[in-house]
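Participant: from the sequence below, what's the structure:
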Amino acid sequence: MWVCGATAHGTNRYARETGIMGELFVENQYRNPDGNPYLWDLVILEAVRAEPNITLLLNTDVHEVEADGPEENRMIRSVTGWMMGSERRIRMESPVYLDSTGDGLVGFMAGARHRIGREAAHEYGEEWAPDEADDITLGSTLLFYTKDAGHPVRFVPPSFAKDITKTPIPVKRVIRSGDSGCHYWWIEWGGELDTVHDNEVIRDELSSVIYGIWDYIKNSGQFESGNMTLEWVGSIPGKREYRRFVGDYVLNQNDIIAQEPFSDRIAYGGWSIDLHPPQGMYAEASGSKHMHADGNYHIPYRCLYSANVSNLLFAGRNISASHVAFGTTRVMATCAIMGEAAGTAASLCTVKGVTPRDIYISHLQELQQTLLRQDASIIGLRHEDEQDLSRSAKVTASSVRRIIAVDQPDSAVQLSRDVAVLFPVDPAIEGLELLVDAAEDTRIMVELWDTGRLENYVPHSKVAEAETIVPKGKAQWVSLPLAWTPDLPQNAFVIIRENPSVSLYRSAEPLTGVLAFEKGAIPNASVELEDHDENQLVVAWSMKVLIRQPFCFKVKGTTEAYAPEKAVGGYKRPFGGPNMWASKPIGPEQEAWLQLTWEQDIAMKEILLTWNDDVNEDLINLHHHRTSFEIIPELVKSYRIEARVQGQWSTVASAVDNRRRSNRIQLKDAILADALRVVIEETNGTSYAELVEIRVY
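Facilitator: Here you go, the predicted structure:
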């Protein structure tokens with residue numbers, strides 16, 4: 001299945017996860033651009049095996065838990081598993097345990113408080129919760145893959161294949177012979193049963209429907225499927241929901257929609273609240289309904305540890321969340337970044353000899369700062385590591401992008417609907433220019449809006465508006481008198497109102513920090529199955545067809561949004577601006593550099609570099625869509641690091657063929673220097689050198 005996450009298949013902006021999950025996305029993009037699921041397995045397996053402190057026990061089913069203590073203060077003493085194939089019984093003892101089993105078996109056997117089913121609306125004041133609590137969950141799914149065999153293939157259905165023409169499926173669901181298996185996520189059932197204890201009943205029903213659908217595709221005569229054959233059919237139901245543990249906080253629908261900025265945030269999500277009808281594939285209703293926040297929301301650490309088992313953490317689809325909130329936290333990339341946070345907390349617990357709750361009470365900042373150092377997925381939290389020597393350095397660069405301009409036109413597009421451009425305002429905008437064609441003498445009307453929260457990329461409050469007369473003509477730059485000096489650096493969302501007499505120009509060259517949108521452009525790929533409210537801003541303003549193709553425009557005045565100091569500014573993700581240093585364009589044989597200078601010699605042993613891997617690009621592990629490049633073009637490919645020792649520059653480290661966002665450089669011996677320079681020799685395709693962060697230890 002596709003690893004879905006905060007990008008919501010391109011709905012959310014600058015939303016792709018970083019940290020471990022981000023590394024997996026980017027590496028899979030390079031190794032596995034066609035989305036082969038077996039190669040994706042290898043990317044994950046190799047990442048785990050690269051960690052020397054992990055003992056990997058594959059095919060080991062943990063089914064025994066030893067725990068003691070009163071109900072409100074339990075403690076796990078050991079877990080025991082059975083390694084299939086090797087016939088080994090393995091007992092593991094630890095000061096802290098992390099249950100990522102999905103179904104929550106370890107925590108359940110330890111006596112951890114949990115919920116199954118839907119809470120009543122009055123419990124958390126949730127709009128989408130039922131009036132009365134019940135045991136209904138999201139159902140389970142089996143998937144299947146097909147391929148073109150290149151010759152006619154017949155299909156004789158098994159005796160247990162269901163005749164789907166006697167069900168609502170052909171009318172209420174979308175069946176196509178050429179879809180990938182993942183498009184059949186709606187083959188879902190069991191939400192009104194016990195998805196664990198009725199697992200085999202659910203499996204048999206799902207299997208009968210898969211073979212019934214394939215019989216329908218192959219033998220109904222309604223599809224061109226003569227050469228198609230089954231390549232793979234799942235045998236283990238993919239469960240969406242079962243036990244949800246109770247932590248010190250229960251995330252709910254209102255937190256998601258309000259994007260509550262929890263002081264203990266350790267991760268974020270962006271998938272919609274995505275709930276399915278209890279009857280699954282037999283329902284008369286759409287396969288899913290969706291509620292979106294205006295942007296990414298935050299997940300608190302208190303949702304990742306048990307309220308009553310003192311040494312239990314959890315991550316994945318069993319965290320402390322209501323059924324409605326779980327509708328968004330359950331997707332895999334969001335589960336993964338919670339896993340990194342919980343794993344980091346577990347490590348701190350063992351080092352300090354404390355419980356997960358103690359981390360929240362006494363060591364929360366250390367947890368958050370450790371996660372930031374790891375480049376984990378947290379939005380709007382500033383780096384405050386006092387050991388980082390770069391914070392006391394003067395920062396300079398070979399050049400800086402001071403002008404925001406997209407001025408290389410590729411194709412003209414009729415202004416048949418409202419469109420928008422987004423760009424950073426730091427410190428002010430003095431005016432705007434657009435490159436347009438006009439079929440007749442006409443007017444262009446624009447509006448400048450702020451985005452509300454710094455992590456959002458939608459229009460929130462109107463700041464200014466302007467219009468100008470445009471004479472008939474081709475490829476003319478027209479000026480619009482927009483001005484704004486906000487109280488703090490942030491993004492501007494400029495709406496260009498519909499005018500069919502006007503055409504704007506798209507560029508084939510993206511510009512970091514700039515986005516383009518169309519209002520009411522294209523529906524979701526599964527629109528027939530999914531109920532989205534088109535009035536929700538992130539749905540209404542789509543960037544999907546404009547990814548890396550902004551409209552041509554120029555911002556009057558200069559900007560500090562890409563200043564060298566941004567590389568030590570404390571933010572590792574876009575947040576009210578791109579938060580990175582960017583150079584002016586560099587030629588094929590040119591170099592760019594960023595330099596740190598100290599007033600006296602400092603001892604340095606480790607250098608951390610975070611390059612720009614364009615977290616707005618929606619990468620995918622399988623074949624939902626294909627990205628046109630295997631390596632993010634903005635990533636720096638080759639560089640060297642120079643240190644100034646006693647007035648002389650020398651190279652202390654270098655890299656070639658880099659394709660990773662995070663680079664950790666350990667110097668063989670500590671050096672004393674009063675300046676450090678990162679020299680960018682080549683990128684993976686872009687014309688700019690861009691560095692998100694540098695740290696020195």
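Participant: rest of the way, CA atoms for contacts and neighbours
Facilitator: Noted.
Participant: okay, domains of the chain per the record?
Facilitator: Listed by automatic domain parsing, the domain ranges of the chain are 1-56+385-400+562-697, 96-133+241-373, 140-234, 405-556.
Participant: who wins for proximity to residue 74 among those?
Facilitator: domain 96-133+241-373 (4.4 Å; C-alpha to C-alpha).
Participant: remind me what the lowest-mean-pLDDT helix or strand in the chain packs against, helices and strands.
Facilitator: Within the chain, no helix or strand scores below strand 530-532, which has a mean of 83 by mean pLDDT, DSSP states H and E. Helices and strands touching strand 530-532, as assessed by 3 or more C-alpha pairs under 8 Å, 6 or more residues apart in numbering; DSSP states H and E, comprise strand 288-291.
Participant: which ones are touching the residue lying closest to residue 306 once chain neighbours are set aside?
Facilitator: Spatial nearest neighbour of residue 306, chain neighbours left out: residue 247 (4.5 Å); criterion: C-alpha to C-alpha, 6 or more residues apart in numbering. Contacts for residue 247 (C-alpha atoms under 8 Å, 6 or more residues apart in numbering) come out as 302-308, 319-320.
Participant: just the buried residues of these.
Facilitator: By neighbour count, with 16 or more other C-alpha atoms under 10 Å, those hold 302-308, 319-320 as buried.
Participant: and the furthest pair within those residues?
Facilitator: Spanning the widest gap among the buried ones among the contacts of residue 247 are 308 and 319, at 13.9 Å by C-alpha to C-alpha.
Participant: this protein: helices as residue ranges?
Facilitator: Ranges of helices within the chain are 19-31, 37-49, 105-109, 121-124, 169-172, 199-219, 253-258, 323-329, 332-352, 356-362, 364-373, 537-540, based on DSSP state H.
Participant: turn the ones you listed into CSV, including mean pLDDT.
Facilitator: What follows is those, written out as CSV (pLDDT from 0 to 100):
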stretch, mean pLDDT
helix 19-31, 97
helix 37-49, 96
helix 105-109, 98
helix 121-124, 98
helix 169-172, 92
helix 199-219, 97
helix 253-258, 98
helix 323-329, 98
helix 332-352, 98
helix 356-362, 98
helix 364-373, 98
helix 537-540, 94
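Participant: looking at those, which is closest to residue 417?
Facilitator: Across the helices of the chain, residue 417 has its closest neighbour in helix 537-540 (11.7 Å, C-alpha to C-alpha).
Participant: starting at the chain centroid, how far to that closest one?
Facilitator: From the chain centre to the centre of helix 537-540 is a distance of 17 Å (C-alpha atoms, centre = their mean, to the nearest Å).
Participant: ok, stretch 628-635 next?
Facilitator: Centroid displacement of stretch 628-635 relative to its chain, using C-alpha atoms, centre = their mean, is 17 Å.
Participant: return that stretch as CSV; C-alpha atoms alone will do.
Facilitator: Output of stretch 628-635 as CSV, limited to C-alpha atoms (Å, rounded to 0.1, in the frame of the first residue of the first chain):
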residue,chain,number,x,y,z
SER,A,628,10.0,13.1,-13.0
PHE,A,629,13.4,13.0,-11.3
GLU,A,630,15.2,10.3,-9.2
ILE,A,631,17.2,12.8,-7.1
ILE,A,632,15.7,16.1,-5.8
PRO,A,633,17.3,18.7,-8.0
GLU,A,634,17.7,21.2,-5.2
LEU,A,635,19.9,18.8,-3.2
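Participant: ok, the residue nearest to residue 225 when sequence neighbours are not counted - how many residues close by?
Facilitator: Once flanking residues are discounted, residue 225 sits nearest to residue 218: 5.8 Å by C-alpha to C-alpha, 6+ apart. Other residues near residue 218 come to 23 when the count uses other C-alpha atoms under 10 Å.
Participant: and residue 218, how far from residue 48?
Facilitator: Noted for residue 218: a distance of 41 Å to residue 48, by C-alpha to C-alpha, to the nearest Å.
Participant: could you do residue 78 as well?
Facilitator: Residue 78 sits 23 Å away from residue 48, going by C-alpha to C-alpha.
Participant: between the contacts of residue 247, which is nearest residue 487?
Facilitator: Checking the contacts of residue 247 one by one against residue 487 (C-alpha to C-alpha), the nearest turns out to be residue 302, at 33.1 Å.
Participant: just the buried positions in stretch 49-69, please.
Facilitator: Using 16+ other C-alpha under 10 Å as the test for burial, stretch 49-69 gives 60, 62, 64-65, 67.
Participant: could you do stretch 25-39 as well?
Facilitator: Going by neighbour count (16+ other C-alpha under 10 Å), the buried part of stretch 25-39 is 25-29, 31-35, 39.
Participant: let's see the distance spanning that stretch from one end to the other.
Facilitator: Terminal-residue distance, stretch 25-39 (C-alpha to C-alpha): 12 Å.
Participant: report the distance from it to the chain centre.
Facilitator: For stretch 25-39, the separation from the chain centroid amounts to 16 Å (computed by C-alpha atoms, centre = their mean).
Participant: how about residues contacting that stretch?
Facilitator: Defining contact as C-alpha under 8 Å, 6+ apart, one finds that stretch 25-39 is touched by 40, 43, 619-623, 626-627, 630-632, 659-660.
Participant: alright, that wraps it up for me.
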